[in-house]
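> got a structure for you, letters missing:
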Ligand code: UD1
């Protein structure tokens, strides 16, 4: 098992290369199955979730090829059956293949999706949307099966905003017969990127930034070449790492517009930044004040994915930071580990209070992707040496994380046993 050993107390300084977005590229990879030509994704992050999705595409019958950071996918034909494929259980986004397979073949079978353990992660909204488009959905002991002749456009109102269910409905509807209107959609940048990508494949999709998406079904889509956008969550993680150790980081290709909520919190901590072109220059030398209250929310609110990295940084700030988690019901595993490092944190239902703490190196375990990154951030700020175990969670979403940290001045070793 691999783990990281981090010796805290070294600042981070230098240039951060923002990787391609995990949550944007996974739905694009799923969308490649909608048609038979080549899809070329440039700037694709080399992270384990992408490799898992690639494996799923191969099992479905796609040919895939990497050339540096470009991933080509060609799915000439597919039998649409992933019911036996255990890899599907490793990531949440595997469920998006159900929408694509329905669009392509009128049927699809997948094993139940997995993903990080951050509370209950039901699939009822995905199933509701696919059923509304005319699919029969059956849950088997281990997975989900969906059948339809051809899907038919309809009006769907989501009772709750869900990024994944919105994406699944869009993927299924782009090749459905007639027009589909989706109301109450999530408008996260990753949903918007998926729509741009689908338009480049010939789909007719509009309104995605407003939460009401209109899709005119097309019989056939075609291949495309597309640049994967920069990862706003990875960028936010680096921002919190810089804040925790009072570093000065320069972000190239920073998705500044998509980072407004996290930049606002950074500014409240005392962080300073300026933007020149697509470079974000940050200066954390005056970071020090707790942020009285932050609530996670759908875009453009503060992203739930940055809740744990924020709390790690908050443990270095004077005063009490209060964070309310409103999206997932149990996304506090990292806080429990931070407490082992000496964090003065209190969990009261969905609200966490974090006081300035004297963090000390110890052995902690990553339980999810973003929580794992938070433990690394805390370790950078802690006294002594911290061992972070179960780093496979971190490697699901961060490309060359320890290597980049080392380049910026951190003392981090990868231990493999
Ligand atoms: C995506 C992101 C994840 C991010 C989350 C919220 C990917 C691969 N993952 O996850 O990083 O934290 O958006 O921004 O893009 N829900 C239901 N029924 C459903 C589906 C969801 O009740 O069928 C609930 C969830 O339990 C949660 C809320 O809706 O409370 C939002 O979840 P959702 O937006 O669907 O998250 P994901 O798409 O799984």
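Nice, I can see it. This one's a predicted model, so the numbers in the text were calculated from it and none came from an experiment.
> how far away is residue 211 from residue 179?
Using CB to CB, to the nearest Å, residue 211 is found at 17 Å from residue 179. The C-beta positions use only the backbone N, C-alpha and C, and glycine is treated the same way.
> go on, residue 302?
Taken as CB to CB, the span from residue 302 to residue 179 is 35 Å.
> those two: who's more crowded?
When residue 302 and residue 179 are compared for neighbours, residue 302 comes out ahead with 24 against 15, by other CB atoms under 10 Å.
> next up, the contacts around the more buried one.
When contacts are counted by CB atoms under 8 Å, 6 or more residues apart in numbering, residue 302 is found next to 261-262, 265, 294-296, 310.
> neighbours of the nearest residue in space to it that is not next to it in sequence, how many?
In this structure, residue 302 finds its nearest non-sequential neighbour in residue 261, 4.4 Å apart by CB to CB, 6 or more residues apart in numbering. Residues within reach of residue 261, counting by other CB under 10 Å, total 19.
> distance from the host helix or strand of residue 261 to the middle of the chain?
Applying DSSP states H and E as the criterion places residue 261 in helix 260-269. Between the mean C-alpha location of helix 260-269 and the chain-wide mean there is a distance of 20 Å, by CA atoms, centre = their mean, to the nearest Å.
> give the contact list for the closest residue to the ligand within the chain.
Nearest residue of the chain to the ligand (CB to the nearest ligand atom) works out as residue 164 at 2.8 Å. Shown in contact with residue 164 (CB under 8 Å, 6+ apart): 92-93, 95-96, 125-126.
> okay, it: pLDDT?
Residue 164 is assigned a predicted lDDT (pLDDT) of 97.
> cool, and the one 5 residues further on?
In this model, residue 169 is scored at 98, pLDDT.
> what segments of the stretch 51-200 of the chain are strands?
For the stretch 51-200 of the chain, strands defined by DSSP state E, counting those that start in this stretch occupy the ranges 63-67, 70-74, 81-82, 107-111, 136-139, 143-147, 155-157, 179-183.
> same for the fifth one, what does it pack against?
Right, strand 136-139. helix 124-132, strand 143-147 (3 or more CB pairs under 8 Å, 6 or more residues apart in numbering; DSSP states H and E).
> can you give me the helices in the stretch 101-250 of the chain?
Using DSSP state H, counting those that start in this stretch, the helices of the stretch 101-250 of the chain run over residues 124-132, 163-173, 189-200, 232-245.
> can you give me the strands in the stretch 251-400 of the chain?
Going by DSSP E, counting those that start in this stretch, the stretch 251-400 of the chain shows strands at 272-276, 279-283, 293-295, 320-324, 344-348, 351-355, 363-365, 385-389.
> and stretch 324-333, average pLDDT?
So the average pLDDT for stretch 324-333 ends up being 91.
> in stretch 121-129, what counts as buried?
Of the residues in stretch 121-129, 123, 125-129 count as buried by neighbour count, 16 or more other CB atoms under 10 Å.
> can you list the residues of the chain near the ligand?
23, 26, 92-93, 120-126, 160, 162-165, 186, 188, 190, 304-305, 327-328 (CB under 6 Å from any ligand atom).
> so what's the residue positioned nearest the centre of the chain closest to, chain neighbours aside?
Of all residues in the chain, the one closest to the mean position by CA atoms, centre = their mean is residue 23, 4.0 Å from it. Among residues not flanking residue 23 along the chain, residue 190 sits closest, at 4.4 Å (CB to CB, 6+ apart).
> quickly list what the spatially closest residue to residue 63 that is not a sequence neighbour is bridged to.
Distances taken as CB to CB, 6+ apart place residue 74 nearest to residue 63, at 4.9 Å, with adjacent residues excluded. Taking DSSP bridges as the rule, residue 74 bridges to residue 38, residue 63.
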